[in-house]
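Asker: One predicted model, sequence on top.
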Amino acid sequence: MTQPNQLEVIVSPLRPHLAVPGLVATLLVAACTGGGSSIPPAESASPAASASAVASGPASVAPSAGPVKLTVGLGYIPSVQFAPFYLAQQEGWYSEAGLEVEFQNKIDPDLITLVGQGAIDVGIGDGTSVIPAVSQGIPIRYVATIYGQFPNVVFAKAASGITTAADLEGRKVGTPGRYGSGWIMLQALLGSAGMTPEDVEIVEYPDFTQRAAVAQGAVDAATGFVNNEPVQLELDGDEAVVLRIDDITPLPGPGLVAGVSTLASKRGAIDAFVATTLRAMDAIVADPEIGLDAAIAAVPELATARDAQLAILEATIQSWSGPVQASGGLGAIDRDGWTASIEYLTALGLVPNPVTVDDLVVAGSSRGNY
């Protein structure tokens, strides 16, 4: 795979080796140009009805000749991070909502483009990928938050003495490359301490082995995901320190993304899918073991490291809820955070054409309520 250009977009929110260490892949979307678009009016459940459906059970589509088929892109390798989708499928909740859901797990460098074209109905997209993509004319909308806290972090051994962004000055920092959500996060983190990447020694690990580099002392810290590398580091016996960006520069985390054409033609089905997925997330928050069991049923090899997978899932659950989700429920969208993110990515030169929050997010989105 060639090194991405600056305006290429990382689609997979979390790298696939969360589930099976050693199996890694990055999903890239090439820069694409085109005209703007808007979502035509479409019938959907009322806000009150949608909120009620999430609280008491899945929303459902209007009665028809049969279930509505949805193709959902989850990423390359099935893993424990997708437990809500597995649980909702195995419990029959999607079926109860009038849906026939097919999951796709494959390397697909055009995932966001395919979502925009309607070839894939729903995908998981990082907010920092959605902003440049829409700016370049890809007709997609972010419809619900999955990660209320931005999952990209800088991590280090506690023994390193690193506790703040300022402590990174002059240190060696590992990263897969100078692209994507991790690189955006690192620049924002360093900027909060009045630094740029030139104030640290960047060491690139295109094979995603930066965790091993931290463990071996080859670098002092590295970029990664809060529910992956730091968890693995601690499972190996090293106390980990994690530096997060959330309180410094709001960045929208991975969430559910649908194409404009899909929202126009399958609005009720997307509504039901979001509400049902959030129902499964709520159930897993209440009892993580049922999420782990669902993931193992979908990916049996995860059972060989059940304790490690549970630790990864628990770290994942913690990232589902930020301040906005704590008050508005899982899935709620932080519109103010998106505004700040647009401004920041524009400053980095990643937004070639102006966009607003309304260009990116389905109006009024929260817990499946459009």
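Answerer: Thanks, I have it. Residues are numbered from 1 along each chain as shown.
Asker: alpha carbons only for contacts and neighbour counts from here, please
Answerer: OK.
Asker: Can you check the pLDDT for the residue nearest to Val200 when sequence neighbours are not counted?
Answerer: Leaving aside its sequence neighbours, Val200 sits nearest to Gly170 (CA to CA, 6 or more residues apart in numbering; 4.6 Å). Here the pLDDT value assigned to Gly170 is 98.
Asker: What of Asn369?
Answerer: On the pLDDT scale, Asn369 gets 47.
Asker: try Ala62
Answerer: 57.
Asker: And for Ser56?
Answerer: On the pLDDT scale, Ser56 gets 36.
Asker: Thr164: neighbouring residues, count only.
Answerer: 14 (other CA atoms under 10 Å).
Asker: Touching, it and Val241? I think so.
Answerer: No - assessed by CA atoms under 8 Å, Thr164 is found out of contact with Val241, at 9.4 Å.
Asker: Let me know the secondary structure of Ala222.
Answerer: Classification of Ala222 by DSSP: H, G, I helix; E, B strand; the rest coil places it in strand.
Asker: Count the residues that sit near Ala326.
Answerer: Counted with other CA under 10 Å, the neighbours of Ala326 add up to 12.
Asker: Sorry, slip of the keys, the one I care about is Asp207.
Answerer: Asp207 has 13 nearby residues by other CA under 10 Å.
Asker: Quick check: the gap between Ala88 and Glu100.
Answerer: 12 Å (CA to CA, to the nearest Å).
Asker: Which of those two has more residues huddled nearby?
Answerer: Ala88 (25 against 18).
Asker: what sits against the more buried one?
Answerer: Applying CA atoms under 8 Å, 6 or more residues apart in numbering to Ala88 gives the contacts 94, 276-277, 280.
Asker: Walking through the stretch 251-370 of the chain, point out its helices one by one.
Answerer: Ranges of helices in the stretch 251-370 of the chain, per DSSP state H, counting those that start in this stretch, are 260-265, 267-286, 288-298, 306-320, 323-328, 335-347, 357-360.
Asker: would you list these in TSV and tack on distance to Thr145?
Answerer: Compiled in TSV, the helices of the stretch 251-370 of the chain are given as follows (distance: least, CA to CA, whole Å):
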stretch	distance to Thr145
helix 260-265	17
helix 267-286	10
helix 288-298	18
helix 306-320	8
helix 323-328	9
helix 335-347	11
helix 357-360	13
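Asker: Out of the ones you listed, which gets nearest to Ala188?
Answerer: Closest to Ala188 of those is helix 335-347 (CA to CA; 8.5 Å).
Asker: Sort out which residues of the closest one are buried, please.
Answerer: 335, 337-342, 344-346 (16 or more other CA atoms under 10 Å).
Asker: just those residues now: which is nearest Thr316?
Answerer: Nearest to Thr316 among these, counting by CA to CA, is Gly337 at 20.4 Å.
Asker: low-scoring stretches of the protein, by residue?
Answerer: 1-65, 106-109, 363-370 (pLDDT under 70).
Asker: Walk me through the domains of it.
Answerer: 9-149+251-360, 152-243 (automatic domain parsing).
Asker: So for stretch 283-290, first residue to last residue, what's the gap.
Answerer: 8 Å.
Asker: same deal with stretch 239-246?
Answerer: 22 Å.
Asker: got the contact list for that stretch?
Answerer: 149-150, 152-159, 162-165, 185, 188-189, 226, 230-231, 233-234, 251.
Asker: again with stretch 180-189
Answerer: 8-10, 126, 128-129, 152-154, 165, 175, 177, 196-197, 223-224, 244-245, 248-249.
Asker: Keeping just the C-alphas, turn it into PDB.
Answerer: Extracted in PDB, the C-alpha atoms of stretch 180-189 (Å, rounded to 0.1, in the frame of the first residue of the first chain):
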ATOM      1  CA  GLY A 180      -5.100  10.400   9.500                       C
ATOM      2  CA  SER A 181      -6.800  10.900  12.800                       C
ATOM      3  CA  GLY A 182      -3.800  10.000  14.900                       C
ATOM      4  CA  TRP A 183      -1.600  12.500  13.300                       C
ATOM      5  CA  ILE A 184      -4.300  15.200  13.600                       C
ATOM      6  CA  MET A 185      -4.700  14.400  17.300                       C
ATOM      7  CA  LEU A 186      -0.900  14.500  17.900                       C
ATOM      8  CA  GLN A 187      -0.600  18.000  16.300                       C
ATOM      9  CA  ALA A 188      -3.500  19.300  18.400                       C
ATOM     10  CA  LEU A 189      -2.000  17.800  21.600                       C
END
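Asker: That concludes my questions; thank you for your assistance.
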